[in-house]
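Visitor: Turn this into a structure:
(one chain, ligands or ions: 3)
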Amino acid sequence: TSQTGSYAPQQLNVAQPQIFRFPIEPLNRFQGTSTTIKRPREIAHFSYNENHEYRQDESGICYYHIPEMGADLCEGFDTFRHYEDKEDPHLDSLLKALVAKEKETGEKLEADFVTWRGMMTKIMTAPYDMFAEFNMLATLYDNTIFIEEDFSAKSAERAAEASQSSHSRTASRPPHPDQPSREMMTYWGYKFETLCMLPEPVTPSTPREVLAARRTAPVSNYAQHCSIVRTGIGSHTLILGGEVDGLLAPKTPSTSTSAADAPPIPWVELKTSEQLPPHPTRRDLVRYERKLLKFWAQSFLLGVEKVVVGFRSKAGILKGLDVYETARIPGMVRRGTRCWDGNVCVNFAAGFLGWLRGVVLEEAGRGGGGVWRVRLRRRGGVVEVQRVEGSFGEGKGRMGGI
Ligand code: A3P
Ligand code: MG
Ligand code: MG
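Guide: Ligands and ions are numbered 1, 2, ... in the order given. Prediction:
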């Protein structure tokens, strides 16, 4: 008699949405000169205040002034005000700022893709990061693809990490006494920002005490300023929003109404990194240049022209400083360890976006919409895209503002 029954095969017949795959390798298909890229132009901005509340203004902008060396980045850790999203932020603030701009100008802002800069950084750097992983959601609405982080997947990862680290605390071998905690290492980054920044531009009449007071100023990442740019990668137009650390000089008030001939805004990105040993090995250099990939991609996407790297000792003492022109970083690495190629990153991003748009438009049909999961697994090497069933109602609500 048939023991297998007729139930199991029927279950298998339940159609799962098809999985589309975009392999990262081989990278040589992305080599050669970069596909056309447009200089990012700011089209809107917003700030978060000290309570992380949205403000349609420039109140969150800070100004860079060279920090004092020798500062202890651990100082003030116990009073760190660390903001982390507890609820899914979606693209809400970005869309809010775009809607405000549309109302102000009466012009509709259009692009093939709208997303946070952080999502594009993850995509652009994926070719050179075996350990890269991401979980994103892509929503097609009104011919634009909105890409956001899959917050539920991120929360699950965080919970897993937390349980792992609490497990290691209770394990027989205690963590190395010289090993700073993850939270401390995060603090160093924000402490460095506080040491470098002031709420007003520095002038010759700025009192020295104002500069010195930064050393003991409380550290918080609640307040922020975000720049929203229009940019292009290959034939795709993008609207990207992301946090900017500060300005090297005050913004020149725009005398022209056209964004096309507006001068670039002198944004600066601040980063910390462990200082290299006096005689770095190739491994040390590769490790540092891999970090430069992240710094470059993140800054390049928003048109941030300079990156200031604060070098710290293992224990977190600020020892030195380097200022890079963002546009020159890929050339430095080409003359250095060659551990990544900026052209490959840009061409990969262009190729991936084109492929994603093709999959989504094809599946949605003319004038349709929907939500797709976009996932790269650790060591996976393949970006997988799969339609989320019955999801369009949610997506429509989320994107209804634009
Ligand atoms: P560093 O980059 O100097 O480590 P950003 O550089 O993007 O402006 O972010 C500022 C700081 O936030 C970082 O400084 C780091 O301390 C913290 N940070 C940013 N992204 C993080 C992440 N994914 N995990 C942990 N800390 C992060
Ligand atoms: Mg920042
Ligand atoms: Mg920074």
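Visitor: so K96 sits in a helix?
Guide: Yes - assigned with DSSP: H, G, I helix; E, B strand; the rest coil, K96 falls within a helix.
Visitor: which residue sits closest to it, ignoring its sequence neighbours?
Guide: Spatially, and ignoring its direct neighbours in sequence, K96 is nearest to Y54 (6.3 Å; CB to CB, 6 or more residues apart in numbering). Backbone N, C-alpha and C define where each C-beta goes, glycine included.
Visitor: how many other residues sit next to that neighbour?
Guide: Neighbour count for Y54, taken as other CB atoms under 10 Å: 14.
Visitor: Could you tell me which residues make contact with it?
Guide: Neighbouring residues of Y54 by CB atoms under 8 Å, 6 or more residues apart in numbering: F46, S47, Y48, S93, K96.
Visitor: Among these, which one has the most neighbours?
Guide: Neighbour counts for those (other CB under 10 Å) peak at F46, which has 24 neighbours.
Visitor: Could you list which of the contacts of Y54 belong to strands?
Guide: Of the contacts of Y54, the ones assigned to strands by DSSP state E are F46, S47, Y48.
Visitor: And the pLDDT for the last one?
Guide: In other words, Y48. Note on Y48: pLDDT of 98.
Visitor: Could you do S163 as well?
Guide: Listed pLDDT for S163 reads 77.
Visitor: got CSV for the contacts of Y54, with distance to V307 too?
Guide: Conversion of these to CSV gives the following (distance: CB to CB, whole Å):
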residue, distance to V307
F46, 23
S47, 22
Y48, 22
S93, 24
K96, 28
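Visitor: with the residues you listed in mind, which one is nearest to E75?
Guide: Y48 (24.6 Å; CB to CB).
Visitor: Quickly list what the closest one is bridged to.
Guide: Here Y48 shows beta-bridge partners Y54, Q224, assigned using DSSP bridges.
Visitor: One more: E42?
Guide: V229.
Visitor: Could you pull up the residues touching the residue of the stretch 1-150 of the chain found nearest ligand 1?
Guide: Going by CB to the nearest ligand atom, ligand 1 is nearest to G118 of the stretch 1-150 of the chain, at 8.3 Å. Each residue near G118 by CB under 8 Å, 6+ apart is listed here: E149, G242, Q298.
Visitor: Run a quick neighbour tally on the residue lying closest to the last one once chain neighbours are set aside.
Guide: By that I understand Q298. In space, Q298 comes closest to T121 once its chain neighbours are excluded; the distance is 4.9 Å by CB to CB, 6+ apart. By other CB under 10 Å, 24 other residues sit near T121.
Visitor: Am I right that T121 is in contact with W296?
Guide: No - contact between T121 and W296 fails when scored by CB atoms under 8 Å: they sit 9.6 Å apart.
Visitor: Spell out which parts of the chain neighbour ligand 1.
Guide: T186, G189, Y190, F192, D245, K271, T272 (CB under 6 Å from any ligand atom).
Visitor: ok, now which ones touch the second one?
Guide: What that stands for is G189. L270, K271, T272.
Visitor: Work out for me the element it sits within.
Guide: When elements are assigned from DSSP states H and E, G189 belongs to helix 182-196.
Visitor: Around ligand 2, pick out the residues from the protein.
Guide: The chain comes close to ligand 2 at residues E243, D245, as judged by CB under 5 Å from the ion.
Visitor: Spell out the residue ranges of the helices in the chain.
Guide: For the chain, applying DSSP state H gives helices covering 7-13, 92-105, 117-125, 151-170, 182-196, 208-212, 282-302, 329-335, 342-364, 392-399.
Visitor: now the closest residue to P277 other than its chain neighbours: how far from ligand 1?
Guide: Once flanking residues are discounted, P277 sits nearest to D284: 6.3 Å by CB to CB, 6+ apart. Distance of D284 to ligand 1, given as CB to the nearest ligand atom, to the nearest Å: 18 Å.
Visitor: Could you check the pLDDT of D284?
Guide: pLDDT, D284: 98.
Visitor: That one contacts P278, doesn't it?
Guide: No - applying CB under 8 Å as the test, D284 and P278 come out as separate, 10.6 Å apart.
Visitor: Looking at the two, which has the bigger crowd around it?
Guide: Neighbours of D284 and P278, each counted by other CB under 10 Å, are more numerous for D284; the result is 14 against 5.
Visitor: where does the stretch 301-402 of the chain have low pLDDT?
Guide: Within the stretch 301-402 of the chain, the stretches with pLDDT under 70 are 390-402.
Visitor: And the residue of it that's closest to ligand 2?
Guide: Of all residues in the stretch 301-402 of the chain, V304 sits closest to ligand 2, at 9.8 Å by CB to the ion.
Visitor: Once you drop chain neighbours, what's closest to that residue?
Guide: Nearest residue to V304 in three dimensions, chain neighbours excluded: W267, at 4.2 Å (CB to CB, 6+ apart).
Visitor: Now for the one you found, how many residues are close by?
Guide: 24.
Visitor: Ok, G368 next?
Guide: Counted with other CB under 10 Å, residues neighbouring G368 total 12.
Visitor: now the ones in strands among the contacts of Y54 in CSV, with distance to ligand 3?
Guide: Shown next, in CSV, are these (distance: CB to the ion, whole Å):
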residue, distance to ligand 3
F46, 18
S47, 16
Y48, 15
